[in-house]
Each structure stands twice: as structure tokens, then as C-alpha cells.
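Engineer: sequence and computational prediction follow.
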Amino acid sequence: MNSEPCFFEIRPQAHLLLKWQLLALVLLVIVSSGCGNKLPYSIVPVHGSVTYEDGSKIPADILMIAFEPTDFESGEGMVPPAGQTEVDIGNGAFHSVSSYRANDGLAVGRHRVLVAAFRGGKNGRRIPIPAVPLHYSQVSTTPIEVEITEANQELEIKVARP
């Protein structure tokens, strides 16, 4: 066995110093990167319901609603992400729209609203059904727009029967 110290050998006190330096570096990176939302627009939670115009529930296994932002100018060339959520088929309600992060809500401003109905298929596949007219599922043809102005805003989305 060779008793000469290895070039990469770290003495015990140097090892402790290295641990503290590494910890300080990690903390510096965390603090400098921040944990806050640095988006050039506000995202707020929203909730609401999706029904036919007469208030009756839409018959589907799965009902999806999406919100596509329109007319946004952040000054930084960024457009807010679209939001989406699944609607509770039992009562037509939705509670947690996800845009930038899970369940964060929607960007304040105008959005086109998309609605699509599905039945459950094999292996979790979603099969589109005509419970909602097709034009509600396309950004260019949906007639529904909403204006998000405040946190916890309630949205009442009404669609025509097919």
C-alpha cells in the first residue's frame, strides 16, 4: 500500500469547508432565481359552470373546457398560455383551471372559450361525441368569449344544443 497522499485527497477540515461552500452556492442560486411569478401578466383562479343555454347538463362522459387568450400585449413578446380543465359531469361545474402551472387559473384579459364533449373509450381514449356543436371546439369559430378581470371570478358558459 502506498502511504503517499493522493493528489485528490481532501483533508477533514478542507472537506468541511467544501461542504459549507457548496451549501452557500446552492442557497445563492435559489435566492437569485427567486420563487415568484415573473410573468408579464397576472394569472388568477377562476371557477364556473358549463351547460346548455336552457341550463340543463350536457350528456357526456367527459366534458373539457379550454380558454385561449386573445389581444394580449405584454411588451415582452409573451402571450399567456391557454388554460384548460375538465368539467364535473354531475353538476356542470369546473373549479381548477390550469394554465402556466397546475390549477393556477387564467391570465387577466380576454379569452375565447372552447368546449368539447367525449365518451370514454378503451384504454382511456377519449372519443369525441356531438353533444356540443363542433364550432365550439375551434378557436376560429367559437362564439364564446370571456373577460377575466379578478381572482375567483365565476364564469357561466352556455352552449347551444346540437
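Structural biologist: That came through fine. Residues are numbered from 1 along each chain as shown.
Engineer: for the chain, what spans make up the helices?
Structural biologist: Along the chain, counting by DSSP state H, helices occupy 12-33.
Engineer: run through the neighbouring helices and strands of the lengthiest strand in it.
Structural biologist: Longest strand in the chain by number of residues (criterion: DSSP state E): strand 109-120. Contacts defined by 3 or more Cβ pairs under 8 Å, 6 or more residues apart in numbering; DSSP states H and E place strand 109-120 against strand 62-70, strand 126-128, strand 145-148, strand 153-159. Where you see a C-beta, it was placed from the backbone N, CA and C, and this is true even at glycine.
Engineer: okay, these, which one's buried deepest?
Structural biologist: Among the helices and strands packed on strand 109-120, strand 62-70 has the highest mean neighbour count (mean count of other Cβ atoms under 10 Å), at a mean of 20.
Engineer: which residues does residue 63 form beta bridges with?
Structural biologist: residue 87, residue 117 (DSSP bridges).
Engineer: list the contacts of it.
Structural biologist: Residue 63 is in contact with 50, 86-87, 89, 92, 115-118, 131-132, counting by Cβ atoms under 8 Å, 6 or more residues apart in numbering.
Engineer: ok, residue 92 next?
Structural biologist: Each residue near residue 92 by Cβ under 8 Å, 6+ apart is listed here: 49-51, 57-58, 63.
Engineer: just checking, which of these belong to strands?
Structural biologist: Among the contacts of residue 92, the ones falling in strands (DSSP E) are 49-51, 63.
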